[in-house]
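A.B. asks: no sequence on this one, just coordinates:
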C-alpha cells in the first residue's frame with residue numbers, strides 16, 4: 001500500500017501574505033493561485049495550500065525537516081526578520097535552539113499564530129540533550 005500526504009490547507013487572514021512569509025523564510029517559491037488557494041510546494045511533494053479564513057484561526061503546528069546547511073540559511077532568515085524563536089514547543093526557552101536527537105531545531109510563529117518548526121534530525125533518531 002502506498003499512502004502519501006499530498007497537501008493540507010492552512011487557514012490564514014491574508015493567504016497571499018502568509019504564503020509569501022513561509023516561502024521567504026524557507027527559501028521556497030509560491031505557486032500561482034489554484035481556486036481559493038495559494039500553494040507553497042515543499043520539495044518532498046507536499047503542498048501547503050493557504051486559504052483565507054474569517055474570524056479566529058486555530059493555531060496548527062507545521063514541522064520541516066531540513067539539512068544542516070538549510071537550517072543555517074533558514075535560521076538566519078528567522079533572525080534577520082526579527083522573529084522570536086524558541087527551543088521548545090511551549091515557548092519557554094526564548095531565543096534558543098535545541099539539540100534534540102543530536103541535531104538542531106527551533107520554533108517560530110507565522111503571522112496567523114501557526115507554530116513553525118525547523119529541525120535537522122527526526123524525533124527519536126538519536127540521543128536527546
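C.D. replies: Yes, it's here. None of these values were measured; they are calculated from a predicted model.

A.B. asks: what's the closest non-adjacent residue to residue 22?
C.D. replies: residue 40 (5.4 Å; C-beta to C-beta, 6 or more residues apart in numbering). For the C-beta atoms, the positions are set from N, CA and C on the backbone; glycine is no exception.

A.B. asks: Distance-wise, check that neighbour relative to residue 57.
C.D. replies: For residue 40, the distance to residue 57 equals 17 Å [C-beta to C-beta, to the nearest Å].

A.B. asks: between these two, who's got more neighbours?
C.D. replies: Shown here are residue 40 and residue 57; by other C-beta atoms under 10 Å, residue 40 has more neighbours (23 against 15).

A.B. asks: Let me know whether that one touches residue 47 as I believe.
C.D. replies: Yes: counting by C-beta atoms under 8 Å, residue 47 is a contact partner of residue 40 at 6.8 Å.

A.B. asks: Name the residues contacting each of these two.
C.D. replies: Common contact partners of residue 40 and residue 47 (C-beta atoms under 8 Å, 6 or more residues apart in numbering): residue 31.

A.B. asks: helix, strand or coil for the residue nearest to residue 22?
C.D. replies: Three-state call for residue 40 (DSSP: H, G, I helix; E, B strand; the rest coil): strand.

A.B. asks: Need the per-residue pLDDT for it.
C.D. replies: Residue 40 is assigned 98 on the pLDDT scale.

A.B. asks: Ok, residue 129 next?
C.D. replies: At residue 129, the predicted lDDT confidence score is 47.

A.B. asks: Name whatever forms a beta bridge with the residue nearest to residue 22.
C.D. replies: Note on residue 40: beta-bridge partners by DSSP bridges are residue 48.

A.B. asks: Could you measure from the residue nearest the centre of the chain over to residue 80?
C.D. replies: Most central in the chain under C-alpha atoms, centre = their mean is residue 116, positioned 3.6 Å from the mean C-alpha point. For residue 116, the distance to residue 80 equals 16 Å [C-beta to C-beta].
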